[in-house]
Structure formats: C-alpha cells, structure tokens
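[1] heads up, no residue letters with this:
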C-alpha cells in the first residue's frame, strides 16, 4: 500500500519516458552492430562492376604480362585491314614457294631464325603465347601470314631479343635456300624499310622458284617484325615479281596498330572471327 512519505514510484508519465529511452538505446545498439559489419538479414550490397573482364571479342581491359591467347588472336590482321579481294586461307603446301611464307624450311639453322622470329620460336627464348592467321588474294598469290608472339619478361625482354635476333640474322644471312614440297628457291636477303611507326625491322628476299606451279618465276618475300612492349607482330608477304612495297608497308603498319591497341586495353576493329569459324572455313588456316 502506498503511503505518503514512502519512496516514490514512477507515474504513468515516467514509465513512458523510460520506455522511450530503452527503445532508443536498443536502436543505437543495432546501428552499432551494423557499422561493425554485422548482417541484419537484409540483402548484401552488390559489388561494383568488374573492370578487368574481357570484352566479347576476348581483348582485355589491359594486359598485365604476356598476352593471353585471346588477346594475341585479337591483334592479328583481318581481311578488313587488306585491300579488296584478300581472304583467309590455308597456305600449307599451296604457295609459289611450296609452303606458307612464314614457315619455309631450310637446312641453314641461322637463316631459319628469320622465319622463326616472326612467330616467337627463336632459340633460347620462345614466346609464352602466339597466334597466326593466313591470307591469299588468289590461288596464284600473293600470300600473307600474320603472326603474334608475346613473351615473359622475368629473364629479360624476350620481344626485344627477338627483334635483335631478326636484325642480326638479316645481316649475317645474305643467301638462303628453301626447299618445300618439291619447290626450291635460292634467295638473296637485303634490308627493307618498314615505316610502321613502331620499333620494327624488315627484310626482303628475292629468288627464282624451281619446281611447282610457279617454276621459273621470280619471287619476292617481305618479312617485317614489329615490337610493342612484351609482344611482337610478324608479317610475311610472298608474291610473284618484284613485290609490292606499298602493300607490305600498309599491312605492317596495320599489324603494329592492332598490337598497340590490344596492349593498351582496346579491341581493334575490325575484329578477328572466332577460331571455330576459321576451322569450319574451307579456306582453313595453317596453324
């Protein structure tokens, strides 16, 4: 029983205030848990969009280290980079020199590096990734091989060494004989100015075919190797007659520009068709 003078009890107004204070304290406690990373049961916030995913064509945002296989393929030349009439083709065993222009065989191991350097197969420092695609304008030529090679840099710059090897061999290999599928060609080798706007070097080979459908014809083979960071783009253009310096220069510049775009994280246009499309094409590809 409540009597005057006894300790006072909270009235209705006091109870309401106390209840409100407890509720506020509870809310503050819950908010503090949320700040500490607790999960109140609601959906987690969505992560920001990835900036490193590949584009639909396989070219990444920006390569770190050697190019991936998709990146290397994206940097290859395509029909849209060449004059009208050129198309993708399988050049194995079919050219005036007896084989694809970047894959001619010779017993001279030193001179063979002129061709091997285009695709990253140089002695003691092979490329980590590579890609290639071939073209021709007609059955009788001209013929073109486009190559990409990308190197590790842990033990030095492989791309720089590949270009240095190409130059060294060009100077030491003044004559070379290739023999492919009953076609023999004795070539003379000379420097070729590239004008690609990249760190690039070129070689021009001239010789006469002995055997095959081009028997007795004068052949010209232009080789160009361009370096962009850890990668190189190689070009081999084979034609009858004196060659086409303007075509070589234009194709080499387009090849260097495409590699620069991929190295900068862009997808060059026009894009390279998916590899399965090449395999299903009756024209094929030599690798």
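    Yes, it's here. A quick note: this is a predicted structure, and the numbers were derived from the prediction, not measured. Residues are numbered from 1 along each chain as shown.
[2] please enumerate the strands of the stretch 101-250 of the chain.
    With strands called from DSSP state E, counting those that start in this stretch, the stretch 101-250 of the chain shows them at 129-136, 143-150, 175-180, 183-192, 199-210, 218-228, 231-240.
[3] can you put the ones you listed in TSV and add distance to residue 87 and mean neighbour count?
    Quick note: C-beta positions are derived from backbone N, CA and C, even for glycine. Shown next, in TSV, are these (distance: least, CB to CB, whole Å; neighbours: other CB atoms under 10 Å):
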stretch	distance to residue 87	mean neighbour count
strand 129-136	6	23
strand 143-150	11	29
strand 175-180	22	18
strand 183-192	23	18
strand 199-210	23	21
strand 218-228	20	25
strand 231-240	15	27
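[4] identify the residues contacting the most centrally placed residue in the chain.
    In the chain, the centroid-proximal residue (CA atoms, centre = their mean) is residue 72; its distance is 2.0 Å. Neighbour list for residue 72: 129-131, 148-150, 231 [criterion: CB atoms under 8 Å, 6 or more residues apart in numbering].
[5] wasn't it part of a helix?
    Yes - under DSSP: H, G, I helix; E, B strand; the rest coil, residue 72 sits within a helix.
[6] and the pLDDT for it?
    Listed pLDDT for residue 72 reads 97.
[7] then residue 266?
    On the pLDDT scale, residue 266 gets 96.
[8] one more: the one 10 residues further on?
    Among the per-residue scores, residue 276 holds a pLDDT of 73.
[9] list the contacts of it.
    Residue 276 touches nothing, counting by CB under 8 Å, 6+ apart.
[10] wasn't it part of a helix?
    Yes - remark: residue 276 belongs to a helix, assigned using three-state DSSP.
[11] from residue 73, how far out is it?
    Relative to residue 73, residue 276 is positioned 12 Å away (CB to CB, to the nearest Å).
[12] you'd agree residue 208 is up against residue 217?
    Yes - the criterion here is CB atoms under 8 Å, and residue 208 meets it with residue 217 at 7.0 Å.
[13] what is the burial count for residue 256?
    Neighbours of residue 256 under the rule other CB atoms under 10 Å: 24.
[14] what separates the helix or strand containing it from the chain centre, distance-wise?
    Residue 256 is part of helix 245-263, with elements assigned from DSSP states H and E. Mean C-alpha position of helix 245-263 versus that of the full chain (CA atoms, centre = their mean, to the nearest Å) differs by 13 Å.
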